[in-house]
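> Can you look at this prediction? I've put the sequence above it.
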Amino acid sequence: MLKNVVWKISPRETLHEVINFPNLNPVILQLLKKRGVESRDQIEVFLDSKIEDLYNPMLMKDMEKAVERINVALKKSERITVYGDYDVDGITSTCIILKTLKKLGGNVDYYIPSRLDEGYGLNMDSIEKIQRRGTTLIITVDNGISSFEEVEYAKTLGIDVIITDHHEPQNQIPQAAAVVNPKQRNCNYPFKNLAGVGVALKLAHALTNFDQQTLEENLELAALGTIADIVPLLDENRIIAKHGLIHMEKTHNKGLKAMKSLLNISDIHLDTTKVSFLLAPRLNAVGRIYTAEIAVELLLTEDETRAFELAQTLEDINQERQAIESKILNQAREMIERDLELDEDRVIVVSSQEWHPGVIGIVASRLVEIYNRPCILIALDGEEGRGSGRSVPGFNIFEALSQFSHLLKRYGGHEQAAGFSISVDNIELFKEEINILARRILKRNYTPELDIDMELKEEDITLDLAAQIELLEPFGYGNPKPVFMCKNFCVDHIRTVGNEDRHLKLNLKKKQKQIAAIGFNLGLYKEELYMAPVMDIAFHLEVNRWQGLMEPQLKIKDIKIPYLQDELLIKIEEGYYKRFYSAFKSEMIKLSLSDHLPDMDSTEVIKNEDNLEKNEYVKELFLKERRVLVIINTPYQAWRLLEYLKGMEDIKNDTGVFFCLNPDIDSGKKNIILINPVDTCCKENADDIVFYDAPFSAQIYGMRLKNMSCGSTIHVIFKKTDFRFNHMVCHKMLPEIEDIRKIYSLLDRMSANKLRFIMNINDFNTKLRRYIDFDLHYMGLVNVFKVFKEMGIIDFKIKHGFVQIDKQNDHPQKASLETSDTYRRFVFIKKKLKEFEQLQGGI
């Protein structure tokens, strides 16, 4: 519901290691098994990874050659240049090799190319600059595996090149003095998925004759780069990240201390999330839009004052990066909605002269989340474009680029992320070719999946389990934070928290168990979740530590409201909304919502003093030998009651469900359920009449009481919390003013400046979900079109699932919603509903 994702729930399996780990919760063993950790030895190593478990760096192909050549350079005092990259992986790699060589007495400097002026990796101009410094040995870190021509050019200038990299090798390997990359062919190193900084760490370890102190000093920077580069946190990466985070918590690095202080995380537990979302983006930002030298200086400085100055500079640059990113995202979305055929384009490719090449990769990631397909953004500069792409599972974007290398000047990357440069003249052909390929591989409508480790029962959700889950840290790619799901929660209490009420704090209830939950960036869903009678929740289980207290807490990943997909509800909604709309148009609604307020105190009613659950209350009445009429005002409350009665055949056979009552027809049923929000003529000859949920106004409520049969016993069992369902009906029938404006904005975009256009209503609703992030009922969409028609903006016709729109007004911004009779009436209904809700504060 909150995200358009399919839940992929893994079943619980039989476990054989429970007896060997009696103190471990079986849920933990299940999680380990899913991650390929099953045997006793594997479990022990995973839960207690030691630095000593790191592999010997000399197992890596060409490591011996690299160490020998560097030692010669150190002995001869040759000038060495460390050639890095401008992302966090490249920056931390540069720092580790630079520190190590200086510690060994080396004559060493570094060079990181400008992202804007030079781009990624070795280039001829930078090699010439480095040669003028007197350098005779270049050591690349986190780059170089594709630099065939550049390595050959360096040789002509008398420079040897040692490549250390972790990116995917292409068919040809550069003829360098040494190539250290665990992914290259004929490399027998046991672990292939090190980050660039992991390879740099191994080189530094080998250069220092496996000195343990130097290794541990380098671990925090290695962990920072490893976590930031999103490599699998398994095997050696797990050891690096786990022990590096421990060192980072008590760091002596002046730059890291300054950053942590500015971010107010100096005294709290440091995990991969804080590194990924707080530290890494700030270090990345300088390389993206300025120069990575600022970040290198920050991580190497021994001056505390300078460290704080640089950390503040990073903070300022990161804010600038966020503003640029937001602007590009909005421009890209507008181009996509206006220019692309999303039914046909399986890969989104958009370009602009206005975009900063340093942030288009981040924006591409955001667009993948929005459109659920690979996205490529190209920043144009004259006759050349720099592209950055992000993908979805099942589409290897690096392999895709390799198939179109004839159209590209250069390219590189991974399965899910890649970059390239391209001539502007080739962009259209590239777009066509990559979409032809994608149509063979990807489904028309890719729906992302949420991998759920297992379903938990409410009794499984304990503080002990939450604490044991922390044993599996550090979490990240390859070792994701466990995701669980639990069914049929009810919202006991809900409130917004945080800046601009962006987040939700919830108290959830299932049976007798109360559970705390938090939903980040879910503040907009407060009303929708409060209205939901039950919900299934996908979540992380965490320990919430606050003022010395600890409790289990659900960190919400996604929510599904099961009744939204229920066939019974769909039928009820269909009948309900047709009648609601019909009654709304008639004079009866005006009468029902008049300002006259009948005397409601003169009618004696029975309230639910024993506080029985409502369905139980109705069931007890149905089982008596009395005629019972239950009046229900919303389809969602009707569904709750009918779903509850589903298995009770005796009651079902004696119960009729109606949308209106005709006094001339005897249904022959002892029990009647009336689903009608406006009918005030309730003279059904019933012994008991039950107000199951809240009417839409005090006037309707009062007139219903007035029109009841004199001999009937009146039961009022609705509460103030029931009003949420009435608000839900109003919202589905006509959304709020801001959403109405967004709907017109989308219509305007889709019209592409045409005065008349035809569109499929289902397709429009799909775009609407993406654009305003909620489902609008069909009748609600019709009402919005009616509002626009009454404002003089459009005319419309609906036939066979298609709507024809005729634009009537060149200046819609001057039209007023108040000129729409439909809009005014719905505003009036909502006003009366709120007034009645306030009157019923004590119920």
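Here it is on my side, so go on.
> So residue 833: helix, strand or coil?
Classification of residue 833 into helix, strand or coil gives helix, according to DSSP: H, G, I helix; E, B strand; the rest coil.
> likewise residue 689?
Following three-state DSSP, residue 689 is assigned to strand.
> Wait, it touches residue 710, no?
No: Residue 689 sits out of contact with residue 710 when judged by CB atoms under 8 Å, with a separation of 11.5 Å. Where you see a C-beta, it was placed from the backbone N, CA and C, and this is true even at glycine.
> who has more neighbours, these two?
residue 689 (24 against 4; other CB atoms under 10 Å).
> Which helix or strand lies directly C-terminal to the helix ranked longest in the chain?
Criterion DSSP state H: the longest helix present in the chain is helix 304-339. Once the chain leaves helix 304-339, the next helix or strand it forms, by DSSP states H and E, is strand 348-352.
> Name every strand pairing with that next one and say which way it goes.
Strands that pair with strand 348-352, judged by DSSP bridges, come out as strand 375-381 (parallel).
> neighbouring contacts of the strand it pairs with?
328, 332, 347-353, 355-357, 360-361, 363-365, 367-368, 385-390, 422, 424, 427, 434 (CB atoms under 8 Å, 6 or more residues apart in numbering).
> Stretch 540-558 too?
Judged by CB under 8 Å, 6+ apart, the contacts made with stretch 540-558 from elsewhere in the structure are 1-3, 5, 7, 450, 456, 461-463, 465-467, 469-470, 481-484, 504, 506, 508, 515-520, 522, 537-539.
> got it, and stretch 105-120?
So stretch 105-120 is contacted by 73-74, 77-86, 90-91, 94, 98, 101-102, 121, 123, 125-126, 129-130, 133, 135, 143, 287-289, 291-293, 296, 357-358, 386, 412, 419, 421 (CB under 8 Å, 6+ apart).
> Just the ones of these in helices?
With helices defined by DSSP H, the entries of the contacts of stretch 105-120 inside them are 73-74, 90-91, 94, 98, 101-102, 125-126, 129-130, 287-289, 293, 296.
> From those, keep the buried residues only.
Among the ones in helices among the contacts of stretch 105-120, those classed as buried by neighbour count (16 or more other CB atoms under 10 Å) are 73-74, 90-91, 94, 98, 101, 126, 130, 287-289, 293, 296.
> In those residues, find the pair that's most separated.
74 and 289 (35.8 Å; CB to CB).
> Tell me if residue 568 really is in a strand.
No: checked against three-state DSSP, residue 568 lies outside a strand; its state is helix.
> so what's it scoring on pLDDT?
Per-residue confidence for residue 568 comes out at a pLDDT of 78.
> so can I have a markdown table of the buried ones among the ones in helices among the contacts of stretch 105-120 showing distance to residue 550?
Formatted as a markdown table, the entries for these read as follows, by distance: CB to CB, whole Å:
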| residue | distance to residue 550 |
| --- | --- |
| 73 | 54 |
| 74 | 52 |
| 90 | 40 |
| 91 | 37 |
| 94 | 41 |
| 98 | 43 |
| 101 | 46 |
| 126 | 53 |
| 130 | 55 |
| 287 | 39 |
| 288 | 39 |
| 289 | 42 |
| 293 | 44 |
| 296 | 40 |
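> Let me know the closest of these to residue 442.
residue 288 (29.0 Å).
> nearest residue to that closest one other than its sequence neighbours?
Of all residues not flanking residue 288 in the chain, residue 358 sits nearest, at 3.3 Å (CB to CB, 6 or more residues apart in numbering).
> Same check on residue 795?
Using CB to CB, 6+ apart, the nearest residue to residue 795 is residue 806, at 4.4 Å.
> Quick one: residues contacting that neighbour.
755-756, 794-796.
> Checking my notes, it in a strand, right?
Yes: counting by three-state DSSP, residue 806 is found in a strand.
> end-to-end on stretch 58-65?
For stretch 58-65, the separation between the terminal residues is 10 Å (CA to CA, to the nearest Å).
> Go through that stretch and flag the buried ones.
When neighbours are counted by 16+ other CB under 10 Å, the buried residues of stretch 58-65 are found to be 60-63.
> which residues sit against the longest strand along the chain?
Scanning the chain for the longest strand, with DSSP state E as the assignment, gives strand 484-497. Applying CB under 8 Å, 6+ apart, the external contacts of strand 484-497 come out as 7, 9, 452-458, 461, 502-510, 514-515, 523, 526, 529-530, 532-541, 562.
> ok now the next helix or strand after it, how far from the chain's centre?
Past strand 484-497, heading to the C-terminal end, the next element that is a helix or strand (DSSP H and E) is strand 503-510. From the chain centre to the centre of strand 503-510 is a distance of 19 Å (CA atoms, centre = their mean, to the nearest Å).
> going on from strand 503-510, what's the next piece of helix or strand?
Next along the chain from strand 503-510, counting by DSSP H and E, comes strand 513-519.
> Could you pull out the buried residues of that following strand?
Under the neighbour-count criterion of 16+ other CB under 10 Å, strand 513-519 has 515, 517-519 buried.
> Could you provide those in a markdown table, with additional columns for distance to residue 193?
Compiled in a markdown table, the buried residues of strand 513-519 are given as follows (distance: CB to CB, whole Å):
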| residue | distance to residue 193 |
| --- | --- |
| 515 | 37 |
| 517 | 34 |
| 518 | 32 |
| 519 | 33 |
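> Neighbours of residue 413, how many?
When counting by other CB under 10 Å, one arrives at 22 neighbours for residue 413.
> wait, what's in contact with it?
167-168, 389, 397-398, 401, 419.
> Would you mind measuring from it to residue 679?
With the distance defined as CB to CB, to the nearest Å, residue 413 ends up 64 Å from residue 679.
> What is the neighbour count of the residue lying closest to residue 294 once chain neighbours are set aside?
Of all residues not flanking residue 294 in the chain, residue 286 sits nearest, at 4.6 Å (CB to CB, 6+ apart). Per other CB under 10 Å, the neighbour tally for residue 286 reads 26.
> For residue 286, give me the pLDDT.
Per-residue pLDDT puts residue 286 at 94.
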